[in-house]
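Student: I'd like to go over a predicted model; first the sequence, then the structure.
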Amino acid sequence: MACFPGFFAFAGDPPSEEQKSSTPLLLRKLPVKKLLGLKSNTSNAETPAGGYKRWSGLKYSGYARSFTQYRVMPNFYTGNPNLTEKSLVFNGVEAYNGSLQGYQEPLLLLRLEGNPTARTFFKVEYAMDNQLTGIIKDNGGIIEGTNTAYNRRISTYRILQFEGSANTGIGDFKLIAGGGVLWHRVSPFTFWNYEYRDDLFERYPWEPEGASFNRYNQFYATQNIARDARWGNTATQGFILEAKNLPLGFGGNIVYGKTDNSGGFTAVKTKSPRNLVAGRIDKGFGMHKFGINYFNQFGFLDVQELFKIRQQIATIDGRLNLNNVKIYFEGGVGRFQDFIAQRDQEDVILNNYSKSNVLASKTPMKIIKGDNYGVDYNWAPTVMAQIDVTKEAFNVPVNLMMYYIDKAVTNINSQVMNTANPHALGTAENIGSIYDITTYYGGVTDIQQMANNRWGGYLKHEDTYGKLKVNIGTGFAQEIENLYDSISFQHRANSFTRSRFAFFTRNNGPYGNIMNIYRRAFEVLAITDTVSNYKKGFNSLDLNLKYKLSLFGRELILANYNNYSSVQPGFSAIPKFSDKAFLRYFYEEFMAFYAFRPKLTLIGFVSYEKALGNNRTQLVDANGELIVNSDNKPIADPNGKPINQRGYGYGLGFDYDFSGRAGLYVRHRWFDHRDVNFTKDRFNGQETTVELKIFF
């Protein structure tokens, strides 16, 4: 199985799905008889002459890639063991010391697929890990020296996927089984995935084949921010049964498998809390459709089956297509249960699942046994509604969304950011640890992004004015309960570079407040108020402009993105621009893509960010030392100074297409980050990345 603990959704096999959903790969028919060992006179016909022949659709495809990064940092976070002044990384492995300094992404992907019969399909993929950490075991033990910088072996992941379909008198059915990754969606609250924004300067490992400038033309034409096309779907391993064209207009699907943030299909065998059942029943009424959705994630946190976890969500949704107006709504209830079962053996408990490991908060914890804690949130409501008004209605197209999501509705496999529940993890030891990267305490959301323990919404306008494409929006939200005295905000400038300072952990950086997930970094800002008799309000403004013109007879695309966010006590319809806000964050980004030659695209990139805290947030003294109490928690001080950050990023690069199936992609970035008051929070340098990718 192609599963990588910590970020299953970005494992070796997803690139194939991206290529499949975007630009088709080159598919070639194999000499089937030779491949199957058949003689020339062997008949393989399933139907009479002119009908379908078995195995006649057998195809192969794939790609090979090399990804090299060279980084020089005169100033870096000295407390981080992964950082050095110079770094040279070949396909994820540091050349200087052999450590792993890259994401687990495929170096080579081989795919074989075909139709054994007219109604069945199979796919076998071999994804070869670019970090070369394969090991050899002898009688259950690891052979000495097989996993060192001097003796690396490739890791191969076999990925099997099978599909079968049946068209019957009562409907059309399709069963998908297997993995590595099956991509699917049910509804935003149950089984979905939020689509984070990324700039186009950085390359993705799943970029499809084709002319490079097509990528930027698509970015311009769609009036949207470039993302992995698979996002919006959630990854699973297991079984998916889809039904369409059932009597009376019914349809639906059932998902049984595992969630995407764990490391193997053995979740079923070990009963870990990554097992899931989800599904949907829907019915069409002309142009409209309504559905019932369900999600249940379940399992135990320990082998003794003492620590049971269950997340359940049930909703009803609908899509209404009216004249010049489209409406989508979803509403229902959810609950989260994470508790210690009553047993006679008082000593059979997980010692790490204790009060000391639970982050301090005002969240009511249900005490079950001794000093051990659990969470039991009963059924609570969740609802959202989105309205799209076309230009024909009022000459100005607008999009409006409102939502209300209780803290009990915790689902990290949905479109909803988890800001309220640090217990939604696969192992009890990770609660409150550096490996909790699913909880964003007081998370600052993007426009269009929802969060639990919060109500809010956004208003957005998208339109084209000649060659200028405009996307402008404002978002507003407020907590339902003030559970945590902290704020989590995203560092957009140099996010890919920052995220590799430490992989998939929190409490990083010189002040222990940085959390890194896949290709992006967040900072946690503590609030020092001793009395929190308010609810935090969240606001954002977005402005995205794109323009296309001709320069010296060649196409030039310009793109500008701006974001301003604030977090303050109480609700506000618009962002706060004064120091009454706990946090003020601004980000500016400008990109240019120029088709200099038919095979050569030049790329330019500039970014700037600024983050300011007020005196009610964590402070430092004149020497840049964090002001804390005896428990090492940030406290208020009349002489303290809050965060005052600046970040810069500049980049140049080019894409060169050898052909539609091979290309060279070079990027060079200069980056700088510093805080005027938190003087330890500083790094700068430059980085070059070179990718060579060949499709076949």
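Tutor: Structure received. Residues are numbered from 1 along each chain as shown.
Student: what's downstream of the biggest helix by length in the chain, the next helix or strand?
Tutor: Determined from DSSP state H, the single longest helix within the chain is helix 212-221. Moving toward the C-terminus from helix 212-221, the next helix or strand (DSSP states H and E) is strand 234-244.
Student: now what about the longest helix of the chain, what contacts it?
Tutor: 23, 200, 207, 225-226, 469, 546, 548, 555, 557, 559, 593, 595, 601, 655-657, 663, 665 (CB atoms under 8 Å, 6 or more residues apart in numbering). The way it works is simple: take the backbone N, C-alpha and C, and place the C-beta from them, glycine included.
Student: and if we set it to 6 Å?
Tutor: For helix 212-221, contacts defined as CB atoms under 6 Å, 6 or more residues apart in numbering pick out L200, A226, K546, K548, I557, F593, A595, T601, D655, D657.
Student: what inclination does the helix or strand hosting the fifth one have with respect to helix 212-221?
Tutor: Pointing back at I557 there. In the assignment (DSSP H and E), I557 maps to strand 554-569. Calculated by axes from the mean of the first three to the mean of the last three CA atoms, to 10 degrees, strand 554-569 forms an angle of 50 degrees with helix 212-221.
Student: by contact count, what packs against the helix or strand following strand 554-569?
Tutor: Following strand 554-569 in sequence order, the next helix or strand is strand 583-597 (DSSP H and E). Helices and strands touching strand 583-597, by 3 or more CB pairs under 6 Å, 6 or more residues apart in numbering; DSSP states H and E, are strand 554-569, strand 600-613.
Student: 7 Å instead, please
Tutor: Judged by 3 or more CB pairs under 7 Å, 6 or more residues apart in numbering; DSSP states H and E, the packing partners of strand 583-597 are strand 486-491, strand 554-569, strand 600-613.
Student: Single out the most deeply packed of those.
Tutor: strand 486-491 (a mean of 22; mean count of other CB atoms under 10 Å).
Student: List the contacts of that strand.
Tutor: 440-444, 498, 520-527, 565, 567, 582-583, 585, 609, 647 (CB atoms under 7 Å, 6 or more residues apart in numbering).
Student: now do 8 Å
Tutor: Strand 486-491 has contacts (CB under 8 Å, 6+ apart) with 419, 440-444, 498, 515, 520-527, 536, 565, 567, 582-583, 585, 609, 611, 617, 647.
Student: okay, it in CSV with CA atoms only?
Tutor: Output of strand 486-491 as CSV, limited to C-alpha atoms (Å, rounded to 0.1, in the frame of the first residue of the first chain):
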residue,chain,number,x,y,z
SER,A,486,-4.3,31.5,21.3
ILE,A,487,-4.4,32.3,17.6
SER,A,488,-3.0,30.2,14.7
PHE,A,489,-2.2,32.1,11.5
GLN,A,490,-0.6,31.0,8.2
HIS,A,491,2.7,32.3,7.0
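Student: just to revisit the earlier point, report the strands that pair with the strand holding I557, each with its relative direction.
Tutor: strand 536-551 (antiparallel), strand 583-597 (antiparallel) (DSSP bridges).
Student: Run the angle between it and strand 600-613 for me.
Tutor: Strand 554-569 runs at 10 degrees relative to strand 600-613, counting by the same axes, to 10 degrees.
Student: quick one: I643 from G57, how far?
Tutor: 58 Å (CB to CB, to the nearest Å).
Student: neighbour-wise, which of these two wins?
Tutor: I643 (22 against 17; other CB atoms under 10 Å).
Student: ok, and the closest non-adjacent residue to the more buried one?
Tutor: In space, and not counting its chain neighbours, I643 is closest to G613: 4.2 Å by CB to CB, 6 or more residues apart in numbering.
Student: Which residues are in contact with that neighbour?
Tutor: Applying CB under 8 Å, 6+ apart, we find G613 in contact with L525, F582, L583, P642, I643, N644.
Student: Point out where the stretch 301-450 of the chain drops to low pLDDT.
Tutor: 302-304, 306, 339-374, 426, 428 (pLDDT under 70).
Student: quick one, helices of it?
Tutor: 391-394 (DSSP state H, counting those that start in this stretch).
Student: picking that back up, present the helices and strands packed on strand 583-597 as a markdown table; the columns should include distance to I254 and mean pLDDT.
Tutor: Output for the helices and strands packed on strand 583-597, formatted as a markdown table (distance: least, CB to CB, whole Å; pLDDT from 0 to 100):
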| stretch | distance to I254 | mean pLDDT |
| --- | --- | --- |
| strand 486-491 | 35 | 98 |
| strand 554-569 | 39 | 97 |
| strand 600-613 | 44 | 98 |
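Student: between these, which gets nearest to Y294?
Tutor: Comparing these against Y294 with CB to CB, the closest turns out to be strand 486-491 (29.8 Å).
Student: before we move on, back to that, mind putting the strands paired with strand 554-569 into CSV with mean neighbour count?
Tutor: Below are the strands paired with strand 554-569 laid out as CSV (neighbours: other CB atoms under 10 Å):
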stretch, mean neighbour count
strand 536-551, 19
strand 583-597, 20
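Student: In the contacts of G613, find the pair that's most separated.
Tutor: Top of the distance list for the contacts of G613 (CB to CB): F582 and N644, 13.8 Å.
Student: More neighbours: which of these two?
Tutor: Neighbour count, other CB under 10 Å: between F582 and N644, F582 has more, with 28 against 14.
Student: Tell me the pLDDT of the more buried one.
Tutor: In the predicted model, F582 carries a pLDDT score of 98.
Student: how near is the closest residue to it other than its chain neighbours to I292?
Tutor: Of all residues not flanking F582 in the chain, V567 sits nearest, at 4.9 Å (CB to CB, 6+ apart). Going from V567 to I292 by CB to CB gives 36 Å.
Student: Repeat that for F596.
Tutor: Taken as CB to CB, the span from F596 to I292 is 54 Å.
Student: Same check on L556?
Tutor: 49 Å.
Student: Now for the closest residue to M417 other than its chain neighbours: which residues touch it?
Tutor: Closest residue to M417 apart from its sequence neighbours, by CB to CB, 6+ apart: A451 at 4.3 Å. Contacts for A451 were tallied using CB under 8 Å, 6+ apart; they are I405, V416, M417, N418, T419, Y440, G443, T445, A477.
Student: name the element the last one belongs to?
Tutor: A477 belongs to strand 468-479 when assigned by DSSP H and E.
Student: got the angle for that strand vs strand 536-551?
Tutor: 170 degrees.
Student: Show me the contacts of A451 that map onto strands.
Tutor: I405, V416, M417, A477 (DSSP state E).
Student: so which of the residues you listed is the most crowded?
Tutor: I405 (29 neighbours).
Student: pretty sure that residue is touching Q415, no?
Tutor: No: using CB atoms under 8 Å, I405 is not in contact with Q415; the gap is 10.3 Å.
Student: Give me the common contacts of the two.
Tutor: Residues touching both I405 and Q415 by CB under 8 Å, 6+ apart: F189, M450.
Student: Give me the distance between Y484 and K536.
Tutor: On the measure of CB to CB, Y484 and K536 end up 9 Å apart.
Student: ditto for V628
Tutor: Distance from V628 to K536, by CB to CB: 22 Å.
Student: With K548 instead?
Tutor: Per CB to CB, K548 is found 40 Å from K536.
Student: Please apply the same query to G114.
Tutor: G114 is 55 Å from K536, by CB to CB.
Student: just the angle between the helix or strand harbouring E523 and strand 554-569, please?
Tutor: Assigned by DSSP H and E, E523 falls within strand 520-526. On the basis of the same axes, to 10 degrees, strand 520-526 is oriented at 20 degrees to strand 554-569.
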